[in-house]
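In: Sequence and predicted structure below; questions after.
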Amino acid sequence: MNIPFSPPFIDQAVIDEVLDSLRTNWITSGPKVKALEYELLNLTGSKATVCVNSWTSGAIMMLKWFGVGDGDEVIVPAYSYCATALCVLHCGAIPVMVDILDDFTIDPVMVKSKITSKTKAIIGVDIAGLPCNYNELREIVNDPAIKSIFKPVTAKQSELGRILLMSDAAHSIGATYEGLPAAQKCDVTIFSFHAVKNITTAEGGCICLNLPPPFDNQEEYSFLKIFSLNGQNKDAFAKSKGANWRYDILFKGFKMNMPDICAAIGLAQIRQYSNTLLPLRKNIFLKYCAAFKSYDWFIEPTGKDEIREGSYHLFPLRIKGITEAERDQIIESLVNWGVIVNVHFIPMPMLTYFKSIGYAIENYPNSYKQFACEISLPIYPQLSDPEVDFIIESVIGAVHQVVEINKLVKVLS
């Protein structure tokens, strides 16, 4: 067999929705984006949703909206994709990295220990689709002692009166927390709709707003729509309606809007998501767990616990007691057998750029520990039962082959 890692879900409904955009001759931001934002409101129960052209764009925009800038600090996990820290750096601020828990989520105890008067935001990352411990993070940002050292320097910061709590929910659309959509747990939650995500728009993202009083989330939505379009007070769709060409630039904005041709893909997928696409992912996740649980090398990932249920975006297989080199040997065997896998993620302090600016993986031992033994298996709705069975057989065979051979080598040496 030849099993790819994560192809996009493209069915006739997706094709029809994209063709509808093409036939209307409207492919930039317009009615499809509005329709997708409406579907996202329904899915997440958020107070407002703003579609943008990537997760990274959305994160930069929200940090800028909050006034994060030179000399400020934003706490992030060391174990994440680079965009989680790059969005901070692009604002001129400093990413303060902390270690993770065994379930891959940011360690709240470490977060609290790193808060200073310069801390303006915390970004939790829902690795593999599992929400962070947002109740604990909310307690931290609302702690009177923590609030007392918060030093607002912009109107938005004064209005909130505390550290901004953001969720890097690139993996976790559809995840729940205490029975409610997990997006409601943070001030700002940002999804990614990159090609490999549970819902894709080829490239894209969405900002979910759940700001507390005295913020008016609808007012902020209106501002962010303009902010994402160069500060222009009228988008192209509005300008196309009759003699409506005159526009103004109200402030220095960004060009981060999502086009309709991209929104059309996500619109067709999101309508099938809760009832079809997400359950199919969950079934594969559970099948993997059932197949591997009898092996003493298997570390079961958390798909669901007492208060959280993830989106089953990844199946982060971890193999007990192996080295990074042995993990890589297992991956090579799987690829040779036709199963394409991945690793999520290389901790940021191991990457050349972050090492060059002073981060060192030795300061984040659990991030390295989880990385060294992790292999992300294919998990997507199009996988057939025979393909899942083949992946399971291949994993068991590859682990046995590598681990047993290396044991023998050690004995003989």
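Out: Done, it's in. If you're wondering where the values come from, they're calculated on a predicted model, not measured in any experiment. Numbering: from 1, shown residues only.
In: Surely Ile94 and Ile75 touch.
Out: No: under the contact definition of Cβ atoms under 8 Å, Ile94 does not touch Ile75, with a separation of 9.9 Å. C-beta coordinates here come from the backbone N, C-alpha and C atoms, glycine included.
In: Looking at these two, which is more packed in?
Out: Just comparing Ile94 and Ile75: by other Cβ atoms under 10 Å the higher neighbour count belongs to Ile75, 27 against 18.
In: Using the three-state scheme, assign the more buried one.
Out: strand (DSSP: H, G, I helix; E, B strand; the rest coil).
In: ok, longest helix in this protein?
Out: helix 385-412 (DSSP state H).
In: Who are the packing partners of it?
Out: Counting contacts by 3 or more Cβ pairs under 8 Å, 6 or more residues apart in numbering; DSSP states H and E, helix 385-412 packs against helix 278-292, strand 315-319, helix 324-336, strand 374-377.
In: now the angle between helix 278-292 and that helix, please.
Out: Interaxial angle of helix 385-412 relative to helix 278-292 (axes from the mean of the first three to the mean of the last three Cα atoms, to 10 degrees): 40 degrees.
In: which parts of helix 385-412 are buried?
Out: 387-388, 390-392, 394-395, 398-399, 402-403 (16 or more other Cβ atoms under 10 Å).
In: Domain ranges for the chain, per the record?
Out: 12-264, 275-412 (automatic domain parsing).
In: of all the ones you listed, which lies closest to Ile3?
Out: Evaluated with Cβ to Cβ, these place domain 275-412 nearest to Ile3, the distance being 5.1 Å.
In: okay, the helices and strands packed on helix 385-412 in JSON lines with distance to Ala175 next?
Out: Formatted as JSON lines, these follow (distance: least, Cβ to Cβ, whole Å):
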{"stretch": "helix 278-292", "distance to Ala175": "10"}
{"stretch": "strand 315-319", "distance to Ala175": "15"}
{"stretch": "helix 324-336", "distance to Ala175": "27"}
{"stretch": "strand 374-377", "distance to Ala175": "17"}
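In: quick one: strands adjacent to the strand or helix carrying Ala121?
Out: Per DSSP states H and E, Ala121 falls inside strand 119-125. Sheet pairing of strand 119-125 (DSSP bridges) gives strand 73-77 (parallel), strand 164-168 (parallel).
In: okay if I get those strands as CSV plus mean pLDDT and distance to Ile299?
Out: Converted to CSV, these look like this (pLDDT from 0 to 100; distance: least, Cβ to Cβ, whole Å):
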stretch, mean pLDDT, distance to Ile299
strand 73-77, 99, 19
strand 164-168, 98, 23
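In: before we move on, the earlier item: heading toward the C-terminus, what's the first helix or strand past the strand holding Ala121?
Out: From strand 119-125 onward toward the C-terminus, using DSSP H and E, the following helix or strand is helix 134-142.
In: contacting residues around Ser117?
Out: 149-151 (Cβ atoms under 8 Å, 6 or more residues apart in numbering).
In: Narrow those to those that are buried.
Out: Here, 16+ other Cβ under 10 Å leaves Phe150 buried among those.
In: any idea of the pLDDT on the most centrally placed residue in the chain?
Out: Central residue of the chain (Cα atoms, centre = their mean): Ala170, 1.7 Å from the mean position. pLDDT, Ala170: 98.
In: Not counting residues beside it along the chain, what's closest to it?
Out: Among residues not flanking Ala170 along the chain, Ser192 sits closest, at 3.6 Å (Cβ to Cβ, 6 or more residues apart in numbering).
In: bridging residues for that neighbour?
Out: Here Ser192, judged by DSSP bridges, has bridge partners Gly205.
In: which ones are touching it?
Out: 54-55, 169-171, 204-205.
In: before we move on, back to that, redo the domains of the chain as TSV? Include distance to Phe5.
Out: As requested, those are exported to TSV (distance: least, Cβ to Cβ, whole Å):
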stretch	distance to Phe5
domain 12-264	8
domain 275-412	4
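In: Of those domains, flag the one that's most buried.
Out: domain 12-264 (a mean of 20; mean count of other Cβ atoms under 10 Å).
In: can you tell me the distance between the two ends of it?
Out: 12 Å (Cα to Cα, to the nearest Å).
In: chain center to that domain: distance?
Out: 10 Å (Cα atoms, centre = their mean, to the nearest Å).
In: Where does the prediction get shaky in the stretch 101-250 of the chain?
Out: Scanning the stretch 101-250 of the chain with the threshold set as pLDDT under 70 gives 236, 239-240, 242-243.
In: can you pull out the helices in it?
Out: 108-113, 134-142, 144-149, 155-160, 217-227, 236-239 (DSSP state H, counting those that start in this stretch).
In: what about those, which gets the closest to Ile322?
Out: helix 108-113 (25.5 Å).
In: Counting by contacts, list what that closest one packs against.
Out: Using 3+ Cβ pairs under 8 Å, 6+ apart: helix 108-113 touches strand 94-98, helix 134-142.
In: Gln12 is nearest to which of these?
Out: With Cβ to Cβ as the yardstick, what comes closest out of the helices and strands packed on helix 108-113 is helix 134-142 (37.7 Å).
In: quick revisit: any chance of the helices and strands packed on helix 385-412 in a markdown table with distance to Ala35 and mean pLDDT as columns?
Out: Conversion of those to a markdown table gives the following (distance: least, Cβ to Cβ, whole Å; pLDDT from 0 to 100):
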| stretch | distance to Ala35 | mean pLDDT |
| --- | --- | --- |
| helix 278-292 | 20 | 98 |
| strand 315-319 | 31 | 98 |
| helix 324-336 | 40 | 97 |
| strand 374-377 | 32 | 98 |
